[in-house]
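K.L.:
I'll drop the sequence and a predicted model, then ask my questions.
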Amino acid sequence: MDKKEYGWDRKFEKHFINANKDLLDGRRGTFQITKHSQSGNYYWVFKFSSGKPRTKHICPVLPPNIEKEDSFSNCCNVLAEKLNPTFISQNKRNQPIHKLIRDFIDHTEDRKDINQITIDSKIKSIRQFSEYSKQNGLKINIIPDGKLREEIRNYVLHLTKRGLKGKNRHGVLSKGTIKLYLQNVRYFLDWVCSRKDEGGLELFVSHDFTHKYQTHLLNTLIKTPNRNHLEKKFSTSSYEKVYKSCLKKIRRIWIDYCSTGKLKAIEDRNGKVNQPQTVGTDIVYFISVLQLRCGFRISEILLSFRNPSVYEDIGKSNEVSSYFFKQELDDEEQWFLKIVNSKQKSRTVPVVDTIFSKSPPPNGIPYTYVPENNGEQDYYLTHIVDVIFELFPSSYYTFPSPNLHTKNNRPYSLTYYQSLFKQKCVIENEWSRHGINCTHNLRSFFINYWMYTGMSPTEICSVTGHSIDTMYKYYVRENLKSKFELFNNTPQEDLIKSFKETKK
């Protein structure tokens, strides 16, 4: 096909190449017309004389509304636009958002600068937006088309309605959760717009979903529910009831194990054994005791390693890590949990609880024998860490995944555990009556119990790893009994007596 028929001119070609040296990276070449092998249509292409790529596809010879004699002029304009670093093809602009989110998830999973818990949280929340985008047919061109803010607003309204249908309202998302979802949508959009040399897609210069607009949506579209003040109250009796209920469950399991040498099989409603030789869902009582007694964050104990050597081999310096170890103290070996990089801090916490049994534990497990005294039966005490190591399968982790065959040497899933805790402890055992609605409340219970029983704020913070300001702002609850006893320490009778003596 003769290029001249479509407006090609040698001088104009030479002028275009000289005028656009930067866009062409200093390379030479020629304009040509080629035939598409499948459609049979003709297209303008630019053939470079050297380097890669050697061919740049430009446009059809006769696009709509272009006259034959203007074809080459249009071709030059399109090529200049496509060679511009800021050029985004129509195909890229029309990409479905949920497909780009797949790439963003891959990018997030490969990040080395954040820990695995943060990565999992980001992926979980951005998948919510991916599903919403897929259902509503959202494409990435909402960014340049000025429709992004409107769609984000609709997304927030969608999130506020989740879980409102039907009788079960446990699915209603809190303001904090919605904020987390929106933050990760912004991170995704930042990635879409950030430069390629910074790991982004560089599809657009910027987007207008700002932090300020996020705050505006949260404050105007989400009603903050009236908090139940009972949730913020604390009583020593509630702490002791919850702790004792956990201890009883653990004792029952350990007593059976010490007498039979094996774990009692777990049966379903029909009496059929479905989990032989496993602690099963009773894991919540072991972990809850450790949280109540030592103030651990759930990730610090659930992701803990069994010993320092395993931690040294597979622990990651940028993640929350912890491991159990023994150290001699006052001529006795004591158990400690070393916590590394939790909220950018490290600390060591002693673990001192023991578990009662009527017979000695099997397999050479260390124990303390307490002989008969004043008519009481003799018994045996085993350290809770030794109990856990014996009852839970041997693994790198203290609490390994129950899916041992498919997830060998993997920790117990944080998400699954929190769901299990909610169902078994908060709902079935009604811990919500004591103000416990999530695992983090056990950390609050630890802080309040020791504060109201005499431990200094400095000592509590040395165990929990946060500042005194943070402790009082987020964890300390109101203890009405403690306040009542405070006033009772100076009875009215003493004041009246003092007043009379002064009057005399």
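P.N.:
Arrived safely.
K.L.:
Wasn't residue 246 part of a helix?
P.N.:
Yes: Residue 246: assigned to a helix according to DSSP: H, G, I helix; E, B strand; the rest coil.
K.L.:
How about the secondary structure of residue 340?
P.N.:
Going by three-state DSSP: residue 340 is strand.
K.L.:
give the contact list for it.
P.N.:
Going by C-beta atoms under 8 Å, 6 or more residues apart in numbering, residue 340 touches 311, 315, 320, 321, 322, 346. From N, CA and C alone the C-beta is placed, and that goes for glycine too.
K.L.:
Ramachandran angles for the fourth one?
P.N.:
So that's residue 321. phi -140, psi 150 (degrees, to the nearest 10).
K.L.:
Could you give the bridge partners of it?
P.N.:
Bridge pairing for residue 321 (DSSP bridges) gives the partners residue 340.
K.L.:
For the most centrally placed residue in the chain, which non-adjacent residue is spatially closest?
P.N.:
By C-alpha atoms, centre = their mean, the chain has its centre lying nearest to residue 121, at 2.8 Å. Leaving aside its sequence neighbours, residue 121 sits nearest to residue 180 (C-beta to C-beta, 6 or more residues apart in numbering; 7.3 Å).
K.L.:
ok so, going back, buried stuff in the host helix or strand of the residue nearest to the centre of the chain?
P.N.:
Using DSSP states H and E, residue 121 sits in helix 116-136. For helix 116-136, the neighbour count (16 or more other C-beta atoms under 10 Å) marks 116, 119, 121-123, 125-130, 132-133 as buried.
K.L.:
Make JSON lines from these and add pLDDT and distance to residue 103 to it.
P.N.:
Listed next are the buried residues of helix 116-136 as JSON lines, based on pLDDT from 0 to 100; distance: C-beta to C-beta, whole Å:
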{"residue": "116", "pLDDT": "73", "distance to residue 103": "20"}
{"residue": "119", "pLDDT": "84", "distance to residue 103": "15"}
{"residue": "121", "pLDDT": "83", "distance to residue 103": "19"}
{"residue": "122", "pLDDT": "89", "distance to residue 103": "14"}
{"residue": "123", "pLDDT": "91", "distance to residue 103": "12"}
{"residue": "125", "pLDDT": "90", "distance to residue 103": "17"}
{"residue": "126", "pLDDT": "94", "distance to residue 103": "11"}
{"residue": "127", "pLDDT": "94", "distance to residue 103": "13"}
{"residue": "128", "pLDDT": "93", "distance to residue 103": "17"}
{"residue": "129", "pLDDT": "95", "distance to residue 103": "14"}
{"residue": "130", "pLDDT": "95", "distance to residue 103": "11"}
{"residue": "132", "pLDDT": "95", "distance to residue 103": "18"}
{"residue": "133", "pLDDT": "95", "distance to residue 103": "14"}
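K.L.:
And the residues you listed, which is closest to residue 363?
P.N.:
Distances from residue 363 to these, taken as C-beta to C-beta, are shortest for residue 116 (33.1 Å).
K.L.:
Give me the pLDDT for the nearest residue to the closest one once chain neighbours are set aside.
P.N.:
Nearest residue to residue 116 in three dimensions, chain neighbours excluded: residue 319, at 5.6 Å (C-beta to C-beta, 6+ apart). On pLDDT, residue 319 comes in at 72.
K.L.:
what sits against residue 319?
P.N.:
By C-beta under 8 Å, 6+ apart, the contact set of residue 319 is 115, 116, 117, 341.
K.L.:
I'd like those residues laid out as a markdown table, including distance to residue 300.
P.N.:
Putting the contacts of residue 319 into a markdown table (distance: C-beta to C-beta, whole Å) gives the following:
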| residue | distance to residue 300 |
| --- | --- |
| 115 | 12 |
| 116 | 14 |
| 117 | 11 |
| 341 | 10 |
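K.L.:
Tell me the buried residues in stretch 447-455?
P.N.:
Here stretch 447-455 shows 447, 448, 449, 450, 451, 452 as buried, counting by 16+ other C-beta under 10 Å.
K.L.:
Next, report how far it is displaced from the centre of its chain.
P.N.:
30 Å (C-alpha atoms, centre = their mean, to the nearest Å).
K.L.:
quick one: average pLDDT of it?
P.N.:
Mean pLDDT, stretch 447-455: 86.
K.L.:
So which residues of the stretch 301-450 of the chain form helices?
P.N.:
308-314, 384-391, 414-421, 440-452 (DSSP state H, counting those that start in this stretch).
K.L.:
quick one, which of the ones you listed is packed in tightest?
P.N.:
Burial of the helices of the stretch 301-450 of the chain is given as mean neighbour count (mean count of other C-beta atoms under 10 Å); helix 440-452 ranks first at a mean of 22.
K.L.:
which other helices and strands contact that helix?
P.N.:
Packing partners of helix 440-452 (3 or more C-beta pairs under 8 Å, 6 or more residues apart in numbering; DSSP states H and E): helix 236-260, helix 283-294, helix 457-464.
K.L.:
between it and helix 414-421, what angle do the directions make?
P.N.:
Calculated by axes from the mean of the first three to the mean of the last three C-alpha atoms, to 10 degrees, helix 440-452 forms an angle of 70 degrees with helix 414-421.
K.L.:
Helix 457-464 and helix 440-452, what's the angle between them?
P.N.:
Angle of helix 440-452 versus helix 457-464, following the same axes, to 10 degrees, is 150 degrees.
K.L.:
Kindly provide the distance from residue 394 to residue 432.
P.N.:
Look at residue 394 and residue 432: by C-beta to C-beta, to the nearest Å, they are 35 Å apart.
K.L.:
Could you do residue 1 as well?
P.N.:
Using C-beta to C-beta, residue 1 is found at 78 Å from residue 432.
K.L.:
Show me which of the two is the more surrounded one.
P.N.:
Neighbours per residue (other C-beta atoms under 10 Å) separate residue 1 from residue 432, with residue 432 holding more: 17 against 11.
K.L.:
The more buried one touches residue 422, doesn't it?
P.N.:
No: using C-beta atoms under 8 Å as the test, residue 432 is too far from residue 422 to be in contact (9.6 Å).
K.L.:
Considering only helices and strands, which part of the protein has the lowest mean pLDDT?
P.N.:
Here the helix or strand of the chain ranked lowest by mean pLDDT, DSSP states H and E is strand 273-275, holding a mean of 53.
K.L.:
In the stretch 301-450 of the chain, where is pLDDT below threshold?
P.N.:
Filtered on pLDDT under 70, the stretch 301-450 of the chain yields the residue ranges 316-318.
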